[in-house]
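Visitor: sequence first, predicted coordinates after that:
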Amino acid sequence: MVATVLISIAVISGGCSEPSQGQIREAPVVGEALVIAEESQADAVWSRIGESFSLTQRLPPRLAIVQGDRAALEAISKAPGVIGVYAADVPDSVLQQLNPSERIFAEAWILRREPKIARPGDGLPWDGDGFQPPDRPTDPTKR
């Protein structure tokens, strides 16, 4: 069975559509990627990818988050068994092919890259101007 690898490059902008084999989209010089490998070939895929990338997280046997430069991503995208390189999000059609644990891992990686929502008072002291301190804890014996 041919090793199947899916690389998703973390970039700040852009929508995504599925590129053809061997193509890569614009990405930063150093990028973060979610890699999905065919289970039966996962060890060989991680060995090959480990030569050019830093594996930062893994969900054995098939998923890993890697970091590497654009030239290395380009080389991996053209390697046998690589089916695509995705900028930004992983398409729903790909997520649906993952088991529940893998899907949670992939979706968490996608969410981690999104900008955080601004919250009123974020970064201010808890008793800053215009804000009230939190309520004191209640005594559990007096309920």
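Guide: Good, I have the coordinates. Predicted model, so just to flag it, every value in this text is computed and none were measured.

Visitor: now for the host helix or strand of Ile36, which elements pack on it?
Guide: Here Ile36 sits within strand 30-37, counting by DSSP states H and E. Where contact means 3 or more Cβ pairs under 8 Å, 6 or more residues apart in numbering; DSSP states H and E, strand 30-37 is packed against strand 5-9, helix 42-50, strand 63-69, helix 70-77, helix 100-112. C-beta coordinates here come from the backbone N, C-alpha and C atoms, glycine included.

Visitor: a markdown table for those, including mean neighbour count and mean pLDDT?
Guide: Shown next, in a markdown table, are those (neighbours: other Cβ atoms under 10 Å; pLDDT from 0 to 100):
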| stretch | mean neighbour count | mean pLDDT |
| --- | --- | --- |
| strand 5-9 | 24 | 43 |
| helix 42-50 | 17 | 81 |
| strand 63-69 | 20 | 82 |
| helix 70-77 | 17 | 70 |
| helix 100-112 | 14 | 91 |
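
Visitor: so which of those gets nearest Gly121?
Guide: Among these, helix 100-112 comes nearest to Gly121, with 23.0 Å by Cβ to Cβ.

Visitor: what helices or strands is that closest one leaning on?
Guide: On a contact count with 3+ Cβ pairs under 8 Å, 6+ apart, helix 100-112 meets strand 30-37, strand 54-59, strand 63-69, helix 92-95.

Visitor: need the winner for burial among the ones you listed.
Guide: Ranked by mean neighbour count, the helices and strands packed on helix 100-112 are led by strand 30-37 with a mean of 22 (mean count of other Cβ atoms under 10 Å).

Visitor: that one pairs with which strands?
Guide: Using DSSP bridges, the strands paired with strand 30-37 are strand 5-9 (antiparallel), strand 63-69 (antiparallel).

Visitor: to Asp139, which of the helices and strands packed on strand 30-37 lies closest?
Guide: Here helix 100-112 is closest among those (Cβ to Cβ), at 37.8 Å.

Visitor: and the contacts of that closest one?
Guide: 34, 36, 57, 59, 62-63, 65, 89-90, 95, 98 (Cβ atoms under 8 Å, 6 or more residues apart in numbering).

Visitor: relative to strand 30-37, how tilted is that helix?
Guide: With axes from the mean of the first three to the mean of the last three Cα atoms, to 10 degrees defining the directions, helix 100-112 sits at 170 degrees from strand 30-37.

Visitor: lovely, talk soon.
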